[in-house]
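Engineer: sequence below, structure please.
(chains A and B)
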2 protein chains.
Amino acid sequence: MGNVNLGVVGTGLIGGSIALAGSRAGYEVTFYEPASCPVETVLSGAVRATSLDELASSSDLIFIATPVSTIAAVADRLAPFVRPTAIVSDVASVKGPVFGRLSEIFDGRCFYVPSHPMAGSEKSGLEAARVNLFENAVAIISPDRCRDKGVLERLAHFWREAGSIPLFVDVLTHDRLVAAVSHLPHLVAAILMMHAAEFASEGLSFVGNGFRDSTRIAAGSPELWTEILLANRTDLLTNLYRFRDALNETARVLEANDAKSLQAFLDAAKRSRDRLAG
Amino acid sequence: MGNVNLGVVGTGLIGGSIALAGSRAGYEVTFYEPASCPVETVLSGAVRATSLDELASSSDLIFIATPVSTIAAVADRLAPFVRPTAIVSDVASVKGPVFGRLSEIFDGRCFYVPSHPMAGSEKSGLEAARVNLFENAVAIISPDRCRDKGVLERLAHFWREAGSIPLFVDVLTHDRLVAAVSHLPHLVAAILMMHAAEFASEGLSFVGNGFRDSTRIAAGSPELWTEILLANRTDLLTNLYRFRDALNETARVLEANDAKSLQAFLDAAKRSRDRLAG
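Structural biologist: A predicted model of the protein is given here:
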């Protein structure tokens, strides 16, 4: 890559993994972490910036990897110092509330293009970061306003270097789709977990891997997920209502003891899930 | 164990794994598989019986590991030939519909004690069987009618030899608890999968591990699960209605944009899930 300077703001699970993957791929990595935690030991290949303007003025590609609620404030502080050729990206799980604001903030100053790597963990923080977190995961890039092919390719190139598969999806579509495949499943996992804890707590002593897998994401950070779910609540509610309709339809099938319809439904679900695995 | 003869009827995922674990533990294993499939290569340490009466007359401990709908028919054919000191167990995921019938069939003929190993896979059939399938899983034993300590200990001993942890739970409690921790999660996984497939199919090209884990069990056998869910449909519906109430409560929290309540809920779910992992 010839000395591309990568700046990472926030060194949680995603930011830390971006820094690790960037160092491995040969980027010169600078990071900024406002908390006074000793992150240098983990990110030994990277340089810690003492301020956001120091990071901004020295970076060709910047990822803002802080919680959704703080992204705009970080962008405000970066904006006066970014290089005009720089690309700034965020990694927010919800694009709508961030995109409009950041587009304004960076307009005329640099290139702003959102990212969302579809990788994560129920664990959070730098201690969960991994150099290979993004491997074989799709990295969504939203080219709604920036259609400069060279810029998009530089961002896509980073994600490929991190081991992931870039995919271009616009902001509104992104938010609608992740509501169905990420935010609703998160909420449902939490409800399943609490249902069992409150209604069948003795059963928790003998659950198998099925229950463990179904509820794993319910161990995710409550702070981060409260922000994410509320930031996408219109799309999430649309999905939740539709999911509830499907639940009611399934209840009717059970009430009617209708083996044929139940099996047809489970068959269709299995076929969809099998396609996913392949 | 000194030449205990183990008989296994049905060589799918569970029966096959019981035969493999029994062979490893030093039991003399005989199995009966009505389908004309070449199972001997997988179960090379075991002897294939040509009939159920041959298996019954030579076994000290018999597991009926066929689908729920066929267990009673198998029991009927075994009963005239079982040794009076033999223990017969089944491995049905739902006990209610099987227990009363099998208790009658084996009454005065041998000891009948239900089992349910809380281990499985979204895969089914002998090709998915594993000698270590039951390791670290709880094996539920229901001592509702047979309270003979020596008999219960012989059955518990087998499950310990297979690597699992025996736990005594009566039939009604079993069915109530598995409805919450197994049957409802299965149905919900299938609904989540179909919801995404129908409402956000483009999103399936970029799902992460969270979605994969949440929906993994939806790939289970539709035939087997239709039987299981309908066999426990009263308990399942009770759980489904309560889950729906919790879903509605969560919808109200989202509609009200109530961050405090949402985070308190996600916090509680995380604490429960973290306890499960430990």
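Engineer: can you name the residues of the stretch 1-150 of chain A sitting close to chain B?
Structural biologist: Residues of the stretch 1-150 of chain A lying close to chain B (CB under 8 Å from any CB of the partner chain) are A:118-122, A:137-138, A:140. Every residue, glycine included, has its C-beta placed from N, CA and C.
Engineer: do that again at 10 Å, thanks
Structural biologist: Within the stretch 1-150 of chain A, the positions near chain B by CB under 10 Å from any CB of the partner chain are A:69, A:116-122, A:137-140.
Engineer: which one of those residues is nearest residue B:189?
Structural biologist: Using CB to CB, the shortest approach to residue B:189 within the residues of the stretch 1-150 of chain A next to chain B belongs to residue A:122, at 17.0 Å.
Engineer: okay, now that closest one: neighbour count?
Structural biologist: Neighbourhood size, residue A:122 [other CB atoms under 10 Å in any protein chain shown]: 22.
Engineer: state the distance from the closest residue in space to it that isn't next to it in sequence to residue B:266.
Structural biologist: In this structure, residue A:122 finds its nearest non-sequential neighbour in residue A:219, 4.0 Å apart by CB to CB, 6 or more residues apart in numbering or on different chains. To residue B:266, residue A:219 is 10 Å away according to CB to CB, to the nearest Å.
Engineer: those two - which one has more neighbours?
Structural biologist: Counted by other CB under 10 Å, residue A:219 and residue B:266 do not tie: residue B:266 has more neighbours, with 26 against 23.
Engineer: is that one in contact with residue A:223, as I believe?
Structural biologist: Yes - Residue B:266 is within contact range of residue A:223, at 8.5 Å (criterion: CB atoms under 10 Å).
Engineer: can you show me the helices along chain A?
Structural biologist: Taking DSSP state H to define them, one finds helices in chain A at A:13-24, A:52-57, A:71-78, A:96-106, A:149-161, A:171-178, A:184-199, A:209-215, A:222-231, A:233-255, A:259-277.
Engineer: before we move on, back to that, what residues do residue A:219 and residue B:266 have in common as contacts?
Structural biologist: Counting by CB atoms under 10 Å, 6 or more residues apart in numbering or on different chains, the shared contacts of residue A:219 and residue B:266 are A:190, A:193.
Engineer: can you pull the contacts of residue A:58?
Structural biologist: The contact partners of residue A:58, by CB under 10 Å, 6+ apart, come to A:5, A:7, A:28, A:30, A:47, A:49, A:81, A:83, A:86.
Engineer: close enough to count as contact, residue A:113 and residue A:149?
Structural biologist: No - in this structure residue A:113 lies outside contact range of residue A:149 using CB under 10 Å: 11.7 Å.
Engineer: hey, what's in contact with both of these two?
Structural biologist: Overlap of the contact sets of residue A:113 and residue A:149 (by CB under 10 Å, 6+ apart) consists of A:143, A:156.
Engineer: comparing the two, which residue is more hemmed in?
Structural biologist: Each of residue A:113 and residue A:149 has its neighbours counted (other CB under 10 Å); residue A:113 has more, 25 against 10.
Engineer: and the nearest residue to the more buried one once chain neighbours are set aside, how many neighbours?
Structural biologist: Leaving aside its chain neighbours, residue A:113 sits nearest to residue A:146 (4.9 Å; criterion: CB to CB, 6+ apart). Applying other CB under 10 Å, we find 19 residues neighbouring residue A:146.
Engineer: so residue A:146 sits against residue A:112, correct?
Structural biologist: Yes - under the criterion of CB under 10 Å, residue A:146 makes contact with residue A:112 at 6.6 Å.
Engineer: overlap in contacts of those two?
Structural biologist: Residues touching both residue A:146 and residue A:112 (CB under 10 Å, 6+ apart) are A:87, A:103, A:106.
Engineer: quick check: closest non-adjacent residue to the last one.
Structural biologist: With CB to CB, 6+ apart as the criterion, residue A:106 has its nearest non-adjacent residue at 3.9 Å, and that residue is residue A:112.
Engineer: distance of that neighbour from residue A:126?
Structural biologist: Counting by CB to CB - residue A:112 and residue A:126 are separated by 25 Å.
Engineer: got it, and residue A:69?
Structural biologist: Distance from residue A:69 to residue A:126, by CB to CB: 19 Å.
Engineer: same thing with residue A:180?
Structural biologist: With CB to CB as the criterion, residue A:180 and residue A:126 are 30 Å apart.
Engineer: then residue A:11?
Structural biologist: For residue A:11 relative to residue A:126 (CB to CB), the value is 5 Å.
Engineer: which of those two has more neighbours?
Structural biologist: Set residue A:11 next to residue A:126 and count neighbours by other CB under 10 Å: residue A:11 wins out with 28 against 22.
Engineer: check the gap between the nearest residue to the more buried one once chain neighbours are set aside and chain B for me.
Structural biologist: Spatial nearest neighbour of residue A:11, chain neighbours left out: residue A:33 (4.5 Å); criterion: CB to CB, 6+ apart. Taking CB to the nearest CB, to the nearest Å as the measure, residue A:33 falls 24 Å from chain B.
Engineer: done for today, thanks.
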